[in-house]
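> All I have is the shape, not the residue letters:
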């Protein structure tokens, strides 16, 4: 899929077919996550891949908007390792780019995914951290369930020329 088409047609997918995501496709999605730019190339991310159905079913208990995760064949938890951070605070942007790359790569490969935010809400951070045994120096940032779409939310045109300013506001 051409990159502009992927950007314009990607939608949040919350319903998935009962079908596994092959390791090869998941590997490509993870590679895309690591291809994003980061502040001074610090690459503070780690990716926790969850396929265990019992663990996927537990995520909605600690994430109030994560109900769809239990039905996905796999989820990626994007995390920041604060020990890798050289410029404090920029990890949020770095992990945002990684999360977006994961969403776009999944879409381009015929998969569906949705970003469910964890950080900065402390109850979600601690819930995910405790559930998966994530060490204190690692901050869970987002949970991205991935699978073959069982829904088609249709296309949207989000372009709004009123939000563009030239030279001055």
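Structure's in. What do you need? Fair warning: this is a prediction, and the values are worked out from it, not measured in the lab. Numbers count the residues shown, from 1 in each chain.
> can you give me the strands for the protein?
45-50, 74-81, 112-113, 116-117, 138-147 (DSSP state E).
> Of those, which stretch is the most buried?
With neighbours taken as mean count of other CB atoms under 10 Å, these reach their highest mean count in strand 112-113, at a mean of 28. Yep, even glycine has a C-beta here, placed from its N, CA and C like the rest.
> so which of the strands of the chain gets nearest residue 168?
strand 116-117 (33.2 Å; CB to CB).
> what is the mean pLDDT for that closest one?
The pLDDT scores in strand 116-117 average 98.
> roughly how far out does that strand sit from the chain middle?
7 Å (CA atoms, centre = their mean, to the nearest Å).
> can you start the count at 47 instead of 1 from here on
That works, and once the first residue is 47, the last one we named lands at strand 162-163.
> Could you say which one of the strands of the chain comes nearest to residue 64?
strand 184-193 (8.7 Å).
> Report all helices and strands that that closest one contacts.
When contacts are defined as 3 or more CB pairs under 8 Å, 6 or more residues apart in numbering; DSSP states H and E, strand 184-193 packs onto strand 120-127, helix 137-154, strand 158-159, strand 162-163, helix 168-178.
> Tell me who's in contact with residue 164.
Taking CB atoms under 8 Å, 6 or more residues apart in numbering, we find residue 164 in contact with 109, 123, 170, 171, 174, 186, 187, 188, 189.
> what's the farthest-apart pair in those?
Using CB to CB, the contacts of residue 164 reach their maximum pairwise distance at 109 and 187, which is 12.5 Å.
> thinking again about what came up before, using CSV, please lay out the strands of the chain together with distance to residue 214.
Converted to CSV, the strands of the chain look like this (distance: least, CB to CB, whole Å):
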stretch, distance to residue 214
strand 91-96, 37
strand 120-127, 36
strand 158-159, 38
strand 162-163, 33
strand 184-193, 35
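> Would you mind telling me which of the ones you listed is nearest residue 204?
From those, taking CB to CB, the stretch that ends up closest is strand 158-159, at 17.7 Å.
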